[in-house]
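Engineer: My questions concern the predicted model and sequence given below.
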Amino acid sequence: ELAAQMLQDAVAKGSKGVTVGGHVGGEPLSAPRFEPFWAKAAELNQLVFMHPDGSANIVKEGGLAGRGNLGNIVGNPLETTVFLSRLMIDGTFDRFPNLKVAGAHGGGFLPSYLGRTEVACDRPNANCLSKKKPSEYMRSNILADTMVFSEEGLRHLVAEMGVSQVVFGTDIPFPWPVNVDLVVDSKSLSNADKEAILGGNLAKMLKV
């Protein structure tokens, strides 16, 4: 309730959108007690941007330790994947159908392996509350940024989600490529697609 009130106050003062983490004390944000926040975000038509903080809440201690900084490279996209998946299968998007949530780092692993998610709720004992296929939420409620680093990654992201659901993103001030050229030089996107991704989609959604 306090988070919902803070969002209300921020929007009244001119803020655009809100950011959240992937969990609160290890509890998923699709849990019933967070519904007042999602209801307020939907009521105010505010984009909710999720940025992860690793995946310590969903993997065993030390599971991503060792070489390669896997806590970041694998852990962050993994947390985003679980966060967005829970909003779908726990029915959050069905209860708030105009809710828009953007996932950092290209939406995690979700767009890359959407086919597996697509059949998950058809399996016995899945106990999903979602009323639609994951691909439908991916093309209506979920957005992803362009932090995918390759032409094929960007092409696939647009193919799975639709150009209207993809927005330009950076990880500034951290040392990751800014990736403007990835969009500008894309051979799979039209100029209209590039303009939408580089600013048009968010300008329209945030009314700026």
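Structural biologist: Cool, the structure landed.
Engineer: show me where pLDDT drops low in this structure?
Structural biologist: Within the chain, no stretch has pLDDT under 70.
Engineer: Which parts of it are strands?
Structural biologist: Using DSSP state E, the strands of the chain run over 18-20, 23-24, 27-28, 48-50, 101-103, 142-145, 166-167.
Engineer: Quick one: closest of the ones you listed to residue 200.
Structural biologist: Distance to residue 200, taken as Cβ to Cβ, is lowest for strand 166-167 among the strands of the chain, at 9.3 Å. Where C-beta positions appear, they are placed from N, C-alpha and C, glycine not excepted.
Engineer: so who does residue 163 touch?
Structural biologist: Taking Cβ atoms under 8 Å, 6 or more residues apart in numbering, we find residue 163 in contact with 189, 193, 196-197, 201.
Engineer: Export these as a markdown table, with columns for neighbour count and distance to residue 132.
Structural biologist: Converted to a markdown table, the contacts of residue 163 look like this (neighbours: other Cβ atoms under 10 Å; distance: Cβ to Cβ, whole Å):
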| residue | neighbour count | distance to residue 132 |
| --- | --- | --- |
| 189 | 20 | 27 |
| 193 | 17 | 25 |
| 196 | 22 | 24 |
| 197 | 27 | 25 |
| 201 | 18 | 22 |
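Engineer: If you count neighbours, what's buried in stretch 107-114?
Structural biologist: By 16 or more other Cβ atoms under 10 Å, the buried positions in stretch 107-114 come out as 107-112, 114.
Engineer: rewinding a little: can I get the strands of the chain in TSV with distance to residue 159?
Structural biologist: Formatted as TSV, the strands of the chain follow (distance: least, Cβ to Cβ, whole Å):
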stretch	distance to residue 159
strand 18-20	27
strand 23-24	30
strand 27-28	28
strand 48-50	22
strand 101-103	17
strand 142-145	12
strand 166-167	10
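Engineer: No more questions from me, cheers.
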